[in-house]
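Engineer: Provided below are the primary sequence and the corresponding predicted coordinates.
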Amino acid sequence: MANPLDPMEKTYAANPPPVSRKTYPIAGIVTTVFGLDELPASASEVACLWLLHPRLATQERMAPIADSVIADWNNRIREGRAGPGPKAKGLIAVSFDQRNHGTRIVDPLANEAWKQGNPRHAQDMFSIFQGTARDTSLLIDYLPSYIFPKSERRISTHLALGVSLGGHATWSCILHEPRITAGIVIIGCPDYVNLMADRARLSKLPSWTATTPPGSQFLGSEAFPHSLLETVRKYDLASLLLSHTDIGSKDEPLRDGPLPEPLEKEKEALRPLLTRCLAGKKILNLSGGADKLVPYHRGESILTWLKKAIAPGGWFADGGVSFEDIIFEKAGHEVTPGMIHEVVRFVGETLSAGDDGPARVGSVRESKM
């Protein structure tokens, strides 16, 4: 199905030179591996970049990103810019169809939104991208035995990158898959309740318009059942973190403006959670300032709250979280060449830093372009 909101349609004026690709059926999932033939002979260790595609697209959409990132990294190796040590890691990338997409399609309507006639949009979208995050963990388990059956190389580093629906899934990978140490979220949202409540408002759902004030009973309605809200609180960044605070005890559909710093007793509950989910990880968040489908401001409250916590002097600064938050002010719901430039830069810098250096100090970078 053609995607009228395809965020990657105009990503490239010209496609980058393609790298090799091989396809493996793993656990019933058609899995494409990029860059195997280009791995340096001396690279006994390999980094893997997992590529998660947008809603209504397929894994093929991620090929240009794989080509760009792998070509840049292999150039770094040839030019001696791949970090300390005589043997730099090789880099491969992997894509697969998200659940109910491409080769895995079951019900086309389940991929559509409320405006397109899908009454279960909230349940469908969350379950699909959470399933994709779990598929990523499953494939991490089994991929080495398919591509390196003689155990001649070891995949020692995992990174995830996702666009739109894939960006939502990437947040889940970052939070809940400890083997993924770096993540790139492109036009994704870390606050599912806020995003879907705003979409319900714009869609003029009866569950939003029929109450006074509008939306006061949206959470718990058929459009967003209480059972779904309970599940979202287990996996979504905002709902998971805020469920440990007084803010999260209130079923407020829309969050606007700054969130208060946690109380000391709340920090005691949050610290082990942040340590488990985010400590030592590197995150690049790329957003379009003019994005109307996944507006940056719907995740802004929780991102600002998190950035204050992990920044130097913040209450979780010792967690060693590195967070880059870059907004492309004129971009809509799209992947721009400038975003790809940041992706290539981030992956190269992350891999060049290696895993054996001193413990990272928490850092925050904010930028508008």
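Structural biologist: Now that the structure is in, tell me what you want to look at. Numbers count the residues shown, from 1 in each chain.
Engineer: next, please give the residue ranges for the strands of this protein.
Structural biologist: 21-26, 29-34, 45-52, 90-96, 154-163, 180-186, 282-288, 322-328, 363-368 (DSSP state E).
Engineer: tell me what angle the longest one forms with strand 282-288.
Structural biologist: Okay, so that is strand 154-163. Inter-element angle recorded for strand 154-163 and strand 282-288: 20 degrees (by axes from the mean of the first three to the mean of the last three C-alpha atoms, to 10 degrees).
Engineer: and strand 154-163, how far out from the chain's middle?
Structural biologist: 11 Å (C-alpha atoms, centre = their mean, to the nearest Å).
Engineer: buried set for it?
Structural biologist: Of the residues in strand 154-163, 155, 157-163 count as buried by neighbour count, 16 or more other C-beta atoms under 10 Å. Glycine gets a C-beta too; all of them are placed from N, C-alpha and C.
Engineer: okay if I get these as CSV plus pLDDT?
Structural biologist: Formatted as CSV, those follow (pLDDT from 0 to 100):
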residue, pLDDT
155, 97
157, 97
158, 98
159, 98
160, 98
161, 98
162, 98
163, 97
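Engineer: which one of those residues is nearest to residue 132?
Structural biologist: residue 162 (8.4 Å; C-beta to C-beta).
Engineer: may I see the buried residues of strand 154-163 arranged in JSON lines, with distance to residue 192 as well?
Structural biologist: What follows is these, written out as JSON lines (distance: C-beta to C-beta, whole Å):
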{"residue": "155", "distance to residue 192": "30"}
{"residue": "157", "distance to residue 192": "28"}
{"residue": "158", "distance to residue 192": "24"}
{"residue": "159", "distance to residue 192": "23"}
{"residue": "160", "distance to residue 192": "18"}
{"residue": "161", "distance to residue 192": "19"}
{"residue": "162", "distance to residue 192": "14"}
{"residue": "163", "distance to residue 192": "17"}
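Engineer: looking at those residues, which is nearest residue 113?
Structural biologist: When the buried residues of strand 154-163 are compared against residue 113 (criterion: C-beta to C-beta), the nearest one is residue 163, at 16.9 Å.
Engineer: show me the contacts for that closest one.
Structural biologist: 7-8, 52-54, 61-62, 186-188, 335 (C-beta atoms under 8 Å, 6 or more residues apart in numbering).
Engineer: swap in residue 211?
Structural biologist: Residue 211 touches 217-218, counting by C-beta under 8 Å, 6+ apart.
Engineer: can I get the least confident helix or strand in the chain by mean pLDDT in PDB, CA atoms only?
Structural biologist: Least confident element among the helices and strands of the chain, by mean pLDDT, DSSP states H and E: strand 363-368 (a mean of 85). In PDB, the C-alpha atoms belonging to strand 363-368 read as follows (Å, rounded to 0.1, in the frame of the first residue of the first chain):
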ATOM      1  CA  SER A 363      25.600  15.100  28.800                       C
ATOM      2  CA  VAL A 364      22.800  16.900  27.000                       C
ATOM      3  CA  ARG A 365      23.000  18.600  23.700                       C
ATOM      4  CA  GLU A 366      20.100  20.700  22.400                       C
ATOM      5  CA  SER A 367      20.100  22.300  18.900                       C
ATOM      6  CA  LYS A 368      17.700  23.800  16.400                       C
END
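Engineer: and it, how far from the chain's centre?
Structural biologist: Worked out by C-alpha atoms, centre = their mean, strand 363-368 lies 18 Å from the chain centre.
Engineer: repeat for stretch 143-157
Structural biologist: 24 Å.
Engineer: helices and strands around the lengthiest helix in the chain, which ones?
Structural biologist: With secondary structure taken from DSSP state H, the chain has its longest helix at helix 121-147. In terms of contacts (3 or more C-beta pairs under 8 Å, 6 or more residues apart in numbering; DSSP states H and E), helix 121-147 is packed against strand 21-26, strand 29-34, strand 45-52, strand 90-96, strand 154-163, helix 165-176, helix 192-203, helix 226-235.
Engineer: go again using 7 Å as the cut-off
Structural biologist: strand 21-26, strand 29-34, strand 90-96, strand 154-163, helix 165-176, helix 226-235 (3 or more C-beta pairs under 7 Å, 6 or more residues apart in numbering; DSSP states H and E).
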